[in-house]
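J.: When you get a sec, could you give me coordinates for this:
(2 chains)
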2 protein chains.
Amino acid sequence: MSTKQRILIVGGVAGGASCAARARRLSESAEIIMFDRGPYVSFANCGLPYYVGNVIKKEDNLLVATPELFQQRFNIDVRVHAEVVRIDCANHYVEVKNAATGRTNTEPYDALVLSPGANPIRPDLPGIDLPGIFSLRTIPDSRSIRQWIDQYQARHAVVVGAGYIGMEMIENLHLRGLKVTVVEKQGQVMPLLDAEMVAPVQETLKHKGVQLHLNESVNGFSKGPEHRLVLDLGSGRQLKADLVILCIGVRPETRLAREAGLEIGPSGGIRVDAQLRTSDPHIWAVGDAVEVHDVVTGEPAVIPLAGPANRQGRIAADVIMGRPSVFRGTQGTSVVGIMEQVVAFTGPSEKLLKGLDRWQQMEKIYLHPENHAGYYPGASPISLKLIFSKTDGRIVGAQAVGKAGVEKRIDVIAMAIQKQGTVFDLEEAELCYAPQFGSAKDALNHAGMIAANILRGDLVPAHWEDAARSDALMLDVREPDEFKRGRYDGALNLPLHQLRDRIDELPRDQEIWAYCYVGQRSYYAARILAQNGFQVKNISGGFKQFGQFQAARNNHKPEA
Amino acid sequence: MSTKQRILIVGGVAGGASCAARARRLSESAEIIMFDRGPYVSFANCGLPYYVGNVIKKEDNLLVATPELFQQRFNIDVRVHAEVVRIDCANHYVEVKNAATGRTNTEPYDALVLSPGANPIRPDLPGIDLPGIFSLRTIPDSRSIRQWIDQYQARHAVVVGAGYIGMEMIENLHLRGLKVTVVEKQGQVMPLLDAEMVAPVQETLKHKGVQLHLNESVNGFSKGPEHRLVLDLGSGRQLKADLVILCIGVRPETRLAREAGLEIGPSGGIRVDAQLRTSDPHIWAVGDAVEVHDVVTGEPAVIPLAGPANRQGRIAADVIMGRPSVFRGTQGTSVVGIMEQVVAFTGPSEKLLKGLDRWQQMEKIYLHPENHAGYYPGASPISLKLIFSKTDGRIVGAQAVGKAGVEKRIDVIAMAIQKQGTVFDLEEAELCYAPQFGSAKDALNHAGMIAANILRGDLVPAHWEDAARSDALMLDVREPDEFKRGRYDGALNLPLHQLRDRIDELPRDQEIWAYCYVGQRSYYAARILAQNGFQVKNISGGFKQFGQFQAARNNHKPEA
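T.: Sure, this is the predicted structure:
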């Protein structure tokens, strides 16, 4: 396979560029041509929000590699402003349209790799094409946003959609000094995470002066005075803005594949096998346009992430060169920085698992450990949610929010999930510890211990969402001053250190749900009670978690 | 087993305290007594250097838990100033000496747990007992050092020994404004790592004005003027100091165990089985005093680390309560912060493996990736060394040095090692990526890719330590201006982008060793050359690694 073959690659970012470079490393003799309809290849699309925010100051910094570098270093023929408009699968050629001349020529291939990416969704709303409404996908997009902000000295932006890119745009527009308003259809920001996990992020946003309109949609746009825009919202409200950024997600760019008759998966991405081969054996597809399978749920999904795209490109090149490489699937590991908070996750969320009807085999825990030893100055809490299998302890997913040490914990869990690790593995993980970096019992050891306690039957967990329906006695084992400052309505206060002496005050014929601030003292209390014959559960994550739960519940009630 | 038994615990820090608390959670009925000969239990001994440095400002912050808290929360009877001086194994009791009264009483046990820790080594040198020569193990030790510094307005400290604690003491004394001189017997600081990996740390230390005396020993101490001390060094030199901190390692405290006839392992620690049971079935031992097995090498070792000590305490309690828990062993995961550098590692070093005669099955790579995407401001390099099995790719160990993102990578590798992961797993790890946190191809993906390339035969590595003995042509594929600024003596310069055109200038009858700055361009070059029939190797880590190699080699030549 590695003799003089002709490899065409459509799309020159992440997956395409990785594929091209890898193909060259495996074959000096292949002819490799990479097409991109835009002016650039191999640019840092994950940097675009930061270029808008002027954190990345020069456009040049976004260019990871130029066509010249591809030529010199890899002997790869890069053609920019060159759009592949048609694939002739039967005859193994593509038609390429030159954006400058408008002319079309044909290019034959032995192997064709599609890496077209995904398009920002632009809903068909009234006024959607008005100037000042932007999406963010390319360097020219970000340049236009910068120019608009400068030209009109923009002071107020509306970000529609609060996913990854939305969050990064909020941060960067805020950094530029703009007042930012967010319109999000769902009752939470970052809908890939569970609502209660992003409650602290929403608090931070509000605290920083970002206006959040959750459970809200946009009906249309109209022109306001001068350059300004008016948004008509689903609730009937109106918003005025100097500019609008649409961040309501992306859609795999499948037109070319579809027109060529390549199979499209149920999730809307180009269907590929584990070797990234499409339904045509001479055509591969990689990156945001393809349907992958979620390694944890096994379900097909479109998960637009740079890391997997790069690996897919590499694997497609391997396979084209006759190697047995396979793509193991995607677990969705992600991180977003937003206003000094870090949000990271890996694996499916609770709501995704519920949607797949897989929740009955799962258990979850919440904890709020510090990022490093509390006795060393500057420790900050991490809110961590761990989802695991009730039957064998396999780690399924994790979500974490905090100021520091957040993505580190998710990375370790990502590796544990990759290696089919269990909560017992977390329990005995041996991680770096010095007081400025971690704890002798790291956040992840704690998570493992709590989960393992549940699986061993030493701890029966309860969750706040079930509290209202429960007849249990709510037992607050914190100190009276903590209890006074805030409590679950109707809870009984009996501080942990008095519990042994006053145990007879508690009912033996009623289930008891114990809680404290984060769940540790109540665990001790639950152990005392269980050993004394009481029916007791420990409310996971404690009163701190109750705050997150309540905030999420309130947001999920659409306002009247 | 969990009926009213009497559990005695000797030593109330890390392992002992964890054991006591866990035992209580498993049994409300057991009688649990914890003895410590010092004034405190459960203090943060890893924080002591930072208390000396006044980073941790209050002594109280070092107290994780007080005897009162143990009593109230856990119904554990803590006895401080109480030294267990003898074990009567046959009759199941210990003799306890009260430090205040000097009186001894006996305490019977059903289960006895030894957690005596390890003692700082204090060699029997002339003058070793002079005032102003300190070790650091307890809160009173750190208090004495602080007082000495204040009382004599100390300006110059000598730290003897540059292991973990030595490094932390250097940092903290420097922070207090003292000039610090280090005397280290070996030719490098942090002897648990390989010498070339700590070369950057040594540079930093020198840059910050710390005087390093490597390959140097102390023959004795004498009194100088006023409070001052004079150190006589093995080289014949003398050093003057206001104070001396001995950080030359610790020795398991085994006197009690030894006198009781308990077995001591070949490494000098108390021998325990996987359930932390000593040679006496009623006596357990945990923490820095026990011999563990290294999970990677399988060898017995004494590895004094807080994380494993805590887990051991927990497991011993489990076992005492009749549970089947086992300790999986230790992999030595560690981190040290030193002058804005972070040094972290997990698994054995190259020199340890060589000492065990295990190196022939191993391969290693060096790389110098950035902690996050280079296009995002503030990226800083990490020097990473990965050791793996040549035969199956199993990850064996890793060492990393850099300013940020260091211990995160080691934590992920620690989990990978725990789960028997391979370099192929690193290659396809899915880690958190946003430009301020990582890269689409993370440092660890890079490490995995390089190592996997080697195992697949796509890349033949060479190492600088073999360069002098090699007849190979050294080929520098960097740009001429880079070459001019520094090169390997006798290397030929042929920049990568000219290689295809000028390939016939290279010899076909001589092995070629390619290098660039960090090893990436030379990998591309090696692929071109290999496919064109040349015999070529890629020098791992490039010219940057050469700098570290040379620095280490120079340090390991004792000065004349």
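J.: element containing A:Ala429?
T.: Counting by DSSP states H and E, no helix or strand carries A:Ala429.
J.: now A:Pro507: how far from A:Leu529?
T.: 11 Å (Cβ to Cβ, to the nearest Å). Quick note: C-beta positions are derived from backbone N, CA and C, even for glycine.
J.: now A:Phe388
T.: From A:Phe388 to A:Leu529 the distance is 24 Å (Cβ to Cβ).
J.: of these two, who's got more company?
T.: Comparing A:Phe388 with A:Leu529 by neighbour count (other Cβ atoms under 10 Å in any protein chain shown), the higher total belongs to A:Phe388, at 29 against 24.
J.: Can I take it that the more buried one is in a helix?
T.: No. Counting by DSSP: H, G, I helix; E, B strand; the rest coil, A:Phe388 is not part of a helix but strand.
J.: So it sits against A:Arg394, correct?
T.: Yes. Using Cβ atoms under 8 Å, A:Phe388 is in contact with A:Arg394, at 6.3 Å.
J.: what touches both of the two?
T.: A:Thr422 (Cβ atoms under 8 Å, 6 or more residues apart in numbering or on different chains).
J.: State the distance from the residue most central in space within chain A to A:Pro131.
T.: The geometric centre of chain A, computed from its C-alpha atoms, lies nearest to A:Ser334 (Cα atoms, centre = their mean), at 4.4 Å. Going from A:Ser334 to A:Pro131 by Cβ to Cβ gives 32 Å.
J.: Which pLDDT value goes with the closest residue to chain B within the stretch 51-200 of chain A?
T.: Nearest residue of the stretch 51-200 of chain A to chain B: A:Gln72, at 3.8 Å (Cβ to the nearest Cβ). In this model, A:Gln72 is scored at 94, pLDDT.
J.: and it, helix, strand or coil?
T.: Of the three states, A:Gln72 takes helix under three-state DSSP.
J.: what does A:Tyr433 give?
T.: A:Tyr433 is classified as coil under three-state DSSP.
J.: Show the contacting residues for it.
T.: The contact partners of A:Tyr433, by Cβ under 8 Å, 6+ apart, come to A:439-440, A:442, B:46, B:305-307, B:333-335.
J.: redo that, cut-off 10 Å
T.: A:372-373, A:439-442, A:445, B:46, B:305-308, B:310, B:333-335, B:407, B:411 (Cβ atoms under 10 Å, 6 or more residues apart in numbering or on different chains).
J.: Select only the buried ones of those residues in ChimeraX?
T.: Here is the ChimeraX selection string for the buried members of those, based on 16 or more other Cβ atoms under 10 Å in any protein chain shown:
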select /A:372,373,439,440,441,442,445 /B:46,305,306,307,308,310,333,334,335,407,411
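J.: What's the separation between the residue of the stretch 451-560 of chain A found nearest chain B and A:Ala14?
T.: Relative to chain B, the nearest point of the stretch 451-560 of chain A is A:His497 (3.7 Å; Cβ to the nearest Cβ). Using Cβ to Cβ, we find A:His497 at a distance of 56 Å from A:Ala14.
J.: what's the average pLDDT for stretch A:467-481?
T.: 97.
J.: Next to chain B, which bits of the stretch 101-250 of chain A? Give me the list.
T.: By the rule Cβ under 10 Å from any Cβ of the partner chain, the part of the stretch 101-250 of chain A lying against chain B is A:164, A:167-168.
J.: So for A:His497 and A:Ala14, which residue has more residues nearby?
T.: Per other Cβ under 10 Å, whichever of A:His497 and A:Ala14 has more neighbours is A:Ala14, with 31 against 19.
J.: Excluding covalently adjacent residues, which one is nearest to that one?
T.: Excluding its sequence neighbours, the residue lying closest to A:Ala14 (Cβ to Cβ, 6 or more residues apart in numbering or on different chains) is A:Ala309, at 4.1 Å.
J.: Helices along the stretch 201-350 of chain A, start to end?
T.: A:255-259, A:306-320, A:350-355 (DSSP state H, counting those that start in this stretch).
J.: what's the answer for the stretch 451-560 of chain A, then?
T.: A:480-485, A:496-499, A:520-531, A:542-556.
J.: for the stretch 51-200 of chain A, what spans make up the helices?
T.: A:67-74, A:139-151, A:164-175, A:195-207.
J.: Counting by contacts, list what the third one packs against.
T.: Same thing as helix A:164-175. Counting contacts by 3 or more Cβ pairs under 10 Å, 6 or more residues apart in numbering or on different chains; DSSP states H and E, helix A:164-175 packs against helix A:48-52, helix A:139-151, strand A:156-160, strand A:179-183, helix A:195-207, strand A:243-246, strand A:334-338, strand A:341-346.
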